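Q: quick one, what's the 3D model for this:
(one chain, ligands or ions: 1)
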Amino acid sequence: TAMALRFDGRVALVTGAGGGLGKEYALLLANRGAKVVVNDLGGTWTGEGKSSKAADEVVSLIRANGGTAVANYDSVEDGDKVVKTAIDNFGRIDILINNAGILRDRSLLKMTEKDWDLVHAVHMRGAFMVTRAALLYMRKQDYGRVVVTSSTSGLYGSFGQINYSAAKMGLVGFSHTLAMEGEKYNILSNVIVPIAYSRMSATVMAPEMGEIMKPVYVAPIVAYLCHEDCTDTGGVFECAGGWAGKVRLQQSQGTTFNNPITIEQVRDKWDEVCDWTRVTHHRTAAEVGAMVVEKVSDKGDESDSEEVSVSYTFTSRDII
Ligand code: NAI
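A: Sure, this is the predicted structure:
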């Protein structure tokens with residue numbers, strides 16, 4: 001329909017909304033009627049320091065546009081406090097965009113435990129703490145829309161970002177499980193994989209990308225995922241520069257080994273394991289298990305031996 005998508009009556013919490021992508025999400029949702037909690041710790045992009053300035057500026061902007069917003073300056077690691085701001089001010093929480101993030105880039109040998117821990121604390125533990133706190137209320141409401149922010153660095157790897165890659169891929173698993181656990185309560189969770197020119201990405205992106213990869217181009221896709229009309233869950237969406245596409249795992253046809261399975265047999269059939277000419281995909285782990293049982297059983301039918309035969313199906317998996 002031509003009806004505008006509105007968020008009146010909805011309360012949205014955007015973490016790390018003091019700048020970059022999060023700021024655009026907060027502005028757009030508020031512009032469409034949502035009451036918004038603008039969370040931002042206000043530190044540097046490497047996770048040092050804190051300040052109320054970033055969140056305050058976005059709240060002022062929203063209010064100047066006639067919208068409703070409050071600031072929260074806690075770290076996402078203090079999820080309960082962040083969510084409490086939504087409950088204390090607006091009485092509920094319908095939308096949660098896990099967006100806060102930092103970088104501590106080093107190649108593996110040079111990476112310190114602090115670099116690893118800090119990145120995991122903000123991205124993974126932060127998403128966990130805030131989402132768990134929000135879920136309590138979403139369950140009572142029988143309504144929730146959660147967005148989790150991953151990265152191509154996680155999906156495909158990224159030189160010098162082993163901490164960030166691991167955390168960002170971890171968040172994909174986080175969202176998949178949340179999608180399952182939330183479904184019966186009408187709590188939906190999706191992953192976005194954005195690319196946008198921000199203070200963070202300016203460290204790796206050419207300045208001329210600033211015109212093409214504006215954060216404002218990502219915001220409508222994220223906002224749509226947060227709307228009640230969007231019933232997708234467990235999805236992964238890449239979005240950048242006014243483009244969006246859906247991503248999923250794919251699996252090769254694979255091959256079944258004969259009993260007794262030897263290393264040499266594996267070597268000789270390795271090309272079949274890795275053959276991408278026929279691919280499939282699965283929506284759940286149960287589907288994968290069922291697929292294996294079916295393949296292994298098929299093979300059992302052909303065998304006239306009374307022996308208990310054990311077969312394994314190995315396949316390659318990759319992100320497409
Ligand atoms: P940004 O640095 O402009 O925004 C991140 C915000 O999170 C900052 O305002 C920062 O103060 C805040 N923040 C950091 N630690 C926090 C904490 N502990 N608690 C609360 N707030 C905290 O960077 P950008 O690019 O807007 O990043 C947003 C999200 O998108 C991040 O999760 C990032 O990893 C992800 N991302 C960005 C990409 C890009 O191309 N810009 C690519 C892939 C993912």
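Q: give me the neighbour count for the closest residue to the ligand within the stretch 201-320 of the chain.
A: As assessed by C-beta to the nearest ligand atom, the ligand sits closest to Ser201 within the stretch 201-320 of the chain, at 3.7 Å. C-beta: built from backbone N, CA, C; applies to glycine. For Ser201, the number of neighbouring residues by other C-beta atoms under 10 Å comes to 20.
Q: again, but for the one 10 residues further on
A: Other residues near Glu211 come to 9 when the count uses other C-beta under 10 Å.
Q: with the ligand in mind, check whether the helix or strand hosting it reaches it.
A: Glu211 is part of helix 209-212 when elements are defined by DSSP states H and E. No. Where contact is defined by C-beta under 6 Å from any ligand atom, no part of helix 209-212 touches the ligand; the two come within 9.1 Å at best.
Q: centre of the chain to that helix, how far?
A: 23 Å (C-alpha atoms, centre = their mean, to the nearest Å).
Q: now do stretch 170-187
A: Once both centres are worked out by C-alpha atoms, centre = their mean, stretch 170-187 turns out to sit 10 Å from its chain's centre.
Q: pull out the buried positions in that stretch.
A: Along stretch 170-187, these residues count as buried under the neighbour rule (16 or more other C-beta atoms under 10 Å): Gly170, Leu171, Val172, Phe174, Ser175, His176, Leu178, Ala179, Gly182, Asn186, Ile187.
Q: looking at the fourth one now. What's its pLDDT?
A: Pointing back at Phe174 there. Reading off the confidence values, Phe174 has pLDDT 98.
Q: these two touch, right, it and Thr149?
A: No. At 10.8 Å, Phe174 does not count as touching Thr149 under the criterion of C-beta atoms under 8 Å.
Q: might you report the residue contacts of Ala55?
A: Contacts were defined as C-beta atoms under 8 Å, 6 or more residues apart in numbering; by that measure Ala55 touches Ala17, Gly18, Val38, Asn39, Asp40, Gly42, Ala71, Asn72, Tyr73.
Q: in terms of helices and strands, where is the third one?
A: Element membership of Val38 [criterion: DSSP H and E] is strand 35-39.
Q: closest residue of the stretch 51-200 of the chain to the ligand?
A: Proximity of the stretch 51-200 of the chain to the ligand (C-beta to the nearest ligand atom) peaks at Gly101, 2.7 Å away.
Q: what's near enough to touch that residue?
A: With contacts defined as C-beta under 8 Å, 6+ apart, the neighbours of Gly101 are Gly16, Val122, His123, Thr149, Met200.
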